[in-house]
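sharing a model prediction with you, sequence too.
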Amino acid sequence: MTAVDETPAVQDASGKPLMTLDGVSQVFDTKAGPIRAVDQANLSINPGEVLCLVGESGSGKTTAARMAAGLTRPSSGQVMFDGTDIWSLKKRDFRDFRRSVQYVHQDPYASLNPTRTIQQTLTAPLLKHGVVKGKQAAAERAYELLTKVDLTPPENYLSKYPHQLSGGQRQRVAVARALTLDPKIIIADESTSMLDVSIRISVLAMLGRLRDELGVGFLFITHDLAIAKYFGWRGRTAVMYLGRIVEFGPTPRIINAPTHPYTRALIDAIPEPDPDLTRTKNAESLRSLEIPSLAHLPPGCAFHPRCGRFEDGLCDGDVPQLIQVRPGQSAACHVVARDGADEPAA
C-alpha cells in the first residue's frame, strides 16, 4: 500500500494551528476506581492537515476524539479552536464550533437514521442551520454533495434508505452529511475499518481528494498504521498507548524510523506480503501480549510489562515524558531518552 502523494499539506498563513488539545485528560469514575482514559494529551491540527491518532483498542483514541469534537468535556486541560477554549464559548459560538468540527463514525449503518431517505439525511442539517433557503435549494445541494463523494448519478441514491446501500455507500453518505455544514475539521473515527479492503482504498482516496479540494483538516483515528501511512503520509502521526501519547512526529518518520518500542511493535504487526522479508525481518520482541488494565496501571512506563527493552529500576520508576529524540519527532521512553534514537535508514 502506497501513500496518496507527498505534496505538502496546506498550512495556515498565520502559522497557528486550527485546533489544539492542550494537556487534556479524561477521568471516568467507576466501581473499580478512577479510570484515566486520556492522560495529559497535547495535539494540534492545522488547516488542511491530516493528524493520525493510532494505537490498539482501548488506548484512548476515541475519548480524545470526543473531547476534540466537544462531545465530552475534559476533566482537565483545554480544547482550543481558533485560539479560544471551546468550553468558554457562549451558546451561539459553541454551536458555530460544532458546525466547524464534524464527526464520521466507525459504523455507517448505526450513524444514519434508518427511517430517513438519503435526501432527508442530507437536507435536514442544511435547512436546520439555514445553510440554504428552501427545500429546492436543499435538494440541489444534496445532489452536489453526493457527487462530491462519488455517489453518481445522485438520483439513484437520494430516494433510498440506508439499509438499501452497501457499507461503502453508507460511509460515503456519512461523509457527505459531514460536509453539509462546510466544516474546517472532520474527525474520522475508524471510518474505514468496517469496509472491505478494495472499498476502503476508494473511500480513503475520496477523503484525500476532499482534503485537497476543500482544505479541510482531518483527525484520522485508526489502529492500522498501514492505513495511517496511506492517508496521512503528508501529515503527522501520534501513537497512543493506555491514554498517553508515546510517540509523535511526521508520518514518514513514524513509519520509516520509529523510536518507541510500542510503535515498532505496531509496525511489525503490519502483514508483509513478501515471505522472504517476513523471515528476515528483525521484529520488535515483546515480553507479553497482555495489555494492562487502565484500572491498575503498572508503575513507570505503562508499556514496560510488554517491552523487550525493559530495564529494571529505569522503566518501572517514573512515568517517561514525551521529549524530542530527533528534529520534529518525540518519544516517551526512558531507554531512548538515555541512549538516543537510532539513526534512520538512508
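Alright, I've got the coordinates. Residues are numbered from 1 along each chain as shown.

for the protein, which segments are assigned as strands?
Along the chain, the segments classed as strands by DSSP state E run 19-30, 33-45, 50-54, 76-81, 84-85, 101-104, 185-189, 217-222, 236-241, 244-250, 323-326, 329-331.

now the ones you listed as JSON lines including mean pLDDT, distance to L146 and mean neighbour count?
C-betas here are computed from N, CA, C, even on glycine. Shown next, in JSON lines, are the strands of the chain (pLDDT from 0 to 100; distance: least, CB to CB, whole Å; neighbours: other CB atoms under 10 Å):
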{"stretch": "strand 19-30", "mean pLDDT": "94", "distance to L146": "28", "mean neighbour count": "18"}
{"stretch": "strand 33-45", "mean pLDDT": "93", "distance to L146": "27", "mean neighbour count": "19"}
{"stretch": "strand 50-54", "mean pLDDT": "95", "distance to L146": "24", "mean neighbour count": "27"}
{"stretch": "strand 76-81", "mean pLDDT": "96", "distance to L146": "29", "mean neighbour count": "19"}
{"stretch": "strand 84-85", "mean pLDDT": "96", "distance to L146": "34", "mean neighbour count": "13"}
{"stretch": "strand 101-104", "mean pLDDT": "94", "distance to L146": "16", "mean neighbour count": "24"}
{"stretch": "strand 185-189", "mean pLDDT": "94", "distance to L146": "17", "mean neighbour count": "25"}
{"stretch": "strand 217-222", "mean pLDDT": "94", "distance to L146": "20", "mean neighbour count": "26"}
{"stretch": "strand 236-241", "mean pLDDT": "96", "distance to L146": "31", "mean neighbour count": "26"}
{"stretch": "strand 244-250", "mean pLDDT": "96", "distance to L146": "34", "mean neighbour count": "25"}
{"stretch": "strand 323-326", "mean pLDDT": "92", "distance to L146": "44", "mean neighbour count": "15"}
{"stretch": "strand 329-331", "mean pLDDT": "95", "distance to L146": "40", "mean neighbour count": "22"}
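
Serialize the ones you listed to CSV and add fields for distance to P261.
Formatted as CSV, the strands of the chain follow (distance: least, CB to CB, whole Å):
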stretch, distance to P261
strand 19-30, 24
strand 33-45, 19
strand 50-54, 15
strand 76-81, 27
strand 84-85, 35
strand 101-104, 32
strand 185-189, 26
strand 217-222, 20
strand 236-241, 10
strand 244-250, 9
strand 323-326, 13
strand 329-331, 9
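
and of these, who's closest to V173?
In terms of CB to CB, the element of the strands of the chain nearest to V173 is strand 101-104, at 10.4 Å.

pull up the pairing partners for the closest one, direction included.
Its sheet considered, strand 101-104 pairs with strand 185-189 (parallel) by DSSP bridges.

who touches the partner strand?
18-19, 45, 61-62, 65, 68-69, 100-106, 175, 178, 207, 216-221 (CB atoms under 8 Å, 6 or more residues apart in numbering).

what is the least confident helix or strand in the protein?
helix 275-280 (a mean of 60; mean pLDDT, DSSP states H and E).

how many neighbours does P298 have?
15 (other CB atoms under 10 Å).

and it, backbone torsions?
Per-residue torsions, P298: phi -70, psi 160 (degrees, to the nearest 10).

per-residue confidence at it?
Note for P298: predicted pLDDT of 91.

separation between it and H304?
6 Å (CB to CB, to the nearest Å).

what do these two both touch?
D316.

ok, G249 - contacts?
236-237, 326, 328-330.

between those residues, which is nearest Y230?
T237 (11.9 Å).

that closest one contacts V54, correct?
Yes: look at T237 against V54 with CB atoms under 8 Å: they come within range, at 6.2 Å.

what do these two both touch?
With CB under 8 Å, 6+ apart as the test, T237 and V54 both reach 225, 228.

list the contacts of stretch 149-166.
With contact meaning CB under 8 Å, 6+ apart, stretch 149-166 is reached by 108-109, 112-119, 121, 139, 142-143, 146-147, 169-170, 172-173, 175-176, 179, 199, 202, 206, 210.

gap between the two ends of it?
End-to-end distance for stretch 149-166: 14 Å, by CA to CA, to the nearest Å.

now do the buried residues in the top helix by length along the chain.
Ranked by residue count, the top helix of the chain under DSSP state H comes out as helix 197-214. Along helix 197-214, these residues count as buried under the neighbour rule (16 or more other CB atoms under 10 Å): 199-201, 203-204, 206-208, 210-212, 214.

next: stretch 109-125.
Neighbour-count burial for stretch 109-125 [16+ other CB under 10 Å]: 111-112, 117-119, 121-125.
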